[in-house]
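Peer 1: next comes the sequence, and after it the predicted model I'd like to discuss.
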Number of protein chains: 2
Amino acid sequence: MRKRCNVVELLARGQVASTVHRVGVLKVISRSPKAIAPRSLLQEIRKTTPIDKVTLYRILDLFVAKKILRRMTGQKGTMCYEVMCEKHNPQHPHFVCRTCGDMECLEGIDISDVKQRLRHTRYIEEEAIDLKLEGVCGKCRTKKSFKKKGNPV
Amino acid sequence: MRKRCNVVELLARGQVASTVHRVGVLKVISRSPKAIAPRSLLQEIRKTTPIDKVTLYRILDLFVAKKILRRMTGQKGTMCYEVMCEKHNPQHPHFVCRTCGDMECLEGIDISDVKQRLRHTRYIEEEAIDLKLEGVCGKCRTKKSFKKKGNPV
DNA sequence: AATTTTATTGCAACTTAGTTGCATTGTGTT
DNA sequence: AACACAATGCAACTAAGTTGCAATAAAATT
């Protein structure tokens, strides 16, 4: 489980003015154990504050530009977001469930050698490296609908 | 540049009946040096034969299910496709240009050690491993609009 | 403090990728 | 030919994300 980053510090680091919505968005993301998609993000935030989807998308774009968040492509082309903080949440590969679309973080797997091999071949920013694996998550594997199809357990 | 796979063999291997559209789709994909998105695919195919987008999407789904094609997530959530053939087109990482969305194949980079490390942690199918890097491709880097912004060359 | 300026948010309408249901056409079998 | 079934096309739809613009909130200027 990820240690939490300080929301105010993150905003300051990105030189982004603090607003209710920005803090709210960042709080939800930093508390999520998995990378999170705009859809779930909206749902979570709206439990406490009403927010328009356009506002959310704009905040997410801003945070990615200011390197406060990492953006990864998830299932079916929806994006997923996580806090970009080398200290509390260093870069790691992700596991995407092809059934439910959940994006788990695969911590403790070192990919520095892969990065090393690739760094000089293109103009690739360090944080742009996105190692992704697809499969079926534990939750989905135990569902009857999945087992019924004769899939391996 | 990739060696071409035999379209008829690929269909036979997947136990998929041969039709004009299926052969057409597979021909365009197998001739493309890069992984290709449905949008460009439609454009290419329509140069010779009229085809509905629904037909294309259904053929692509079928080919992915029958392991004739690999599907990867590209820019902004559009999917990209390439021929799945260990002999002529072994699995490899991809480089996605964040400006134009092109997906280049990074051949000659071995990631078997990464796979090895990950194989037993989850139920992950061999071919589901998707190593993706993001950056700016050579073509986009030389464009005035990109240089103007003071980006590194 | 009142006013001007600038940044942030919300609303409506739009774009694009991809999907679904159903009718139509094509293909193979007897 | 008649039948069954697979493949295709069409129209309408969903869902993610975007754009333009007006409304509001915050910050700066007088």
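Peer 2: Received it, and whenever you're ready, just let me know what you need.
Peer 1: how far off centre is the helix or strand residue A:11 falls within?
Peer 2: Per DSSP states H and E: residue A:11 is located in helix A:7-13. Averaged C-alpha coordinates place helix A:7-13 at 18 Å from its chain's average position (C-alpha atoms, centre = their mean, to the nearest Å).
Peer 1: return the set of buried residues in that helix.
Peer 2: Under the neighbour-count criterion of 16 or more other C-beta atoms under 10 Å in any protein chain shown, helix A:7-13 has A:7, A:10-11 buried. Backbone N, C-alpha and C define where each C-beta goes, glycine included.
Peer 1: what packs against it?
Peer 2: helix A:20-31 (3 or more C-beta pairs under 8 Å, 6 or more residues apart in numbering or on different chains; DSSP states H and E).
Peer 1: and the helix it packs on, how far out from the chain's middle?
Peer 2: Using C-alpha atoms, centre = their mean, the distance from the centre of helix A:20-31 to the centre of the chain it belongs to is 13 Å.
Peer 1: show me the strands in chain A, by range?
Peer 2: Counting by DSSP state E, the segments of chain A that form strands are A:69-73, A:79-83, A:94-97, A:103-105, A:124-135.
Peer 1: is the shortest one positioned near DNA strand D?
Peer 2: No: counting by C-beta under 7 Å from any atom of the strand, DNA strand D is not contacted by strand A:103-105; separation bottoms out at 12.4 Å.
Peer 1: mean confidence for that strand?
Peer 2: Confidence over strand A:103-105, taken as the mean pLDDT, stands at 90.
Peer 1: who's in contact with that strand?
Peer 2: The contact list for strand A:103-105, computed with C-beta atoms under 8 Å, 6 or more residues apart in numbering or on different chains, reads A:2, A:33-37, A:72, A:74-75, A:80, A:82, A:92, A:94-97, A:137.
Peer 1: just stretch A:70-80 next, same as before
Peer 2: Residues from elsewhere that reach stretch A:70-80 (C-beta under 8 Å, 6+ apart): A:35-39, A:60, A:64, A:81-84, A:91, A:94, A:96-98, A:101, A:103, A:127, A:130, A:132, B:73-74, B:76-79, B:132.
Peer 1: sounds good, over and out.
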